[in-house]
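1. Okay, here's the prediction I keep looking at, along with the sequence it came from:
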Amino acid sequence: MNEFEAKLLIQELVYKYCRAVDRRDYASLAKLYHTDSIDEHGEMFTGSGADFVKWLPKILTEMKLTSHTVTNHLITIQGNIAEGEVYCHAYHITNDNQEIIIGGRYLDKYIYNGNFWQFTHRKIVMDWNQIRPAICDFNSPTVAGTPIRSSIEKNPSTGFFDFFQRQ
């Protein structure tokens, strides 16, 4: 695989992470971490990737929704390992109607296992945040009737696609 292909596949790995977290698709999320991986989410969680996937449902039960997006993604590749810095925005609405908006970066290390890229180390760095009462209004007439996302089982995208499957 050439460097361009590898970078595209690594970017897709990061997109799959965001999608799996926001859809609460823990089975797909688990596949993104190498067996010897580490995940560092500050004081909230530090441990193996497998343990992060087990821990995440507990923290997400406190959230009505999350929406993770990524932007700038710098990647350096050496053979079957790579490193990347990914800018991210993470939007959360808690069950008690607080918005938590975080701007930061993921510091990543990746490995190609012969079939696909996986995280070997993922560390979040917060650059800024806003915590305030939620102003999101799902009942506004301007969005009436628009499907609202949720977990993978209830998500409007589940069952919509014919060939774009969960991964």
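-> Alright, I've got the coordinates.
2. ok, residues contacting the longest helix along the chain?
-> Longest helix in the chain by number of residues (criterion: DSSP state H): helix 3-23. Helix 3-23 is touched from outside by 1, 25-26, 28-29, 32, 56, 60, 65-70, 73, 75, 77, 82, 84, 86, 88, 106, 108, 110, 112, 116-119, 149, 151-152, 155, 157, 167, with contacts defined as Cβ atoms under 8 Å, 6 or more residues apart in numbering. Yep, even glycine has a C-beta here, placed from its N, CA and C like the rest.
3. same deal with stretch 57-68?
-> Around stretch 57-68, the neighbours that count as contacts under Cβ under 8 Å, 6+ apart are 17-18, 21-22, 24, 26, 44-45, 88-95, 97, 149-150.
4. 6 Å instead?
-> Applying Cβ atoms under 6 Å, 6 or more residues apart in numbering, the contact partners of stretch 57-68 are Cys18, Val21, Asp22, Arg24, Ala90, Tyr91, His92, Ile93, Thr94, Asn95.
5. Return the closest of the residues you listed with respect to Phe52.
-> Nearest to Phe52, judged by Cβ to Cβ, of the contacts of stretch 57-68 is Val21 at 10.2 Å.
6. Next one: the residue nearest the centre of the chain, what pLDDT does it get?
-> Note on the chain: the residue nearest the mean C-alpha position is Cys18, at 2.4 Å, using Cα atoms, centre = their mean. With respect to pLDDT, Cys18 scores 97.
7. about what we covered before: among the contacts of helix 3-23, which are located in helices?
-> Tyr26, Ser28, Leu29, Leu56, Leu60.
8. Weed out the non-buried ones from those.
-> Buried members of the ones in helices among the contacts of helix 3-23, counted by 16 or more other Cβ atoms under 10 Å: Tyr26, Ser28, Leu29, Leu56, Leu60.
9. May I ask which two of these are separated the most?
-> Ser28 and Leu60 (14.4 Å).
10. if we can go back for a sec, among the contacts of helix 3-23, which are in strands?
-> Using DSSP state E, 65-70, 73, 75, 77, 82, 84, 86, 88, 106, 108, 110, 112, 117-119 are the members of those that sit in strands.
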